[in-house]
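> here is my input, please return the structure:
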Amino acid sequence: MEITVTQKAERAIDNIAQYISDRGYPAIAVQFISRLKDFIYTIGDYPYKYAKCRGESYSKRAYRCAVFEKHYIIIYKVHTSRIVIHNVVHTAKMRE
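Numbering: from 1, shown residues only. The predicted structure follows:
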């Protein structure tokens, strides 16, 4: 299944990389983002594996939430022939 990453999600991924790099770990940032992107592209193998997001505004729009390495949530939506990654957020910021 085709995966589309929105600009918002791309900015979020870039911000995560910048945050890690700014803390003095540029090599770790590159490795982390590589693992994150690999994970995102595996969602296409089993798009319904992850539950609908719990928050009301997400669930009523049929968004699904996949947890990555305990601290990040990939928010996505399954369409007929593709998956759209809408955002990547830290679990501490996942509030409505």
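> isn't L36 right up against I13?
Yes - taking contacts as C-beta atoms under 8 Å, L36 lies within contact range of I13: 6.5 Å. (Each C-beta comes from the backbone N, C-alpha and C, glycine too.)
> compare these two and say which is more crowded by neighbours.
Legend: neighbour count by other C-beta atoms under 10 Å for L36 and I13, higher for I13 (21 against 17).
> report the secondary structure state of the most far-flung residue of the chain relative to its centre.
Going by C-alpha atoms, centre = their mean, the residue of the chain most distant from its centre is G24, 23.4 Å out. Three-state assignment for G24 (DSSP: H, G, I helix; E, B strand; the rest coil): coil.
> got the end-to-end distance for stretch 56-72?
One end of stretch 56-72 to the other measures 19 Å (C-alpha to C-alpha, to the nearest Å).
> tell me how far that stretch lies from the chain's centre.
In this view, stretch 56-72 has its centroid 9 Å away from the chain centroid, taken as C-alpha atoms, centre = their mean, to the nearest Å.
> what's in contact with it?
16, 35-36, 39, 43, 47-54, 73-78, 86, 88-92, 96 (C-beta atoms under 8 Å, 6 or more residues apart in numbering).
> if we go to 10 Å?
The contact list for stretch 56-72 (C-beta atoms under 10 Å, 6 or more residues apart in numbering) reads 12-13, 16, 32, 35-36, 38-40, 42-43, 47-55, 73-79, 83-94, 96.
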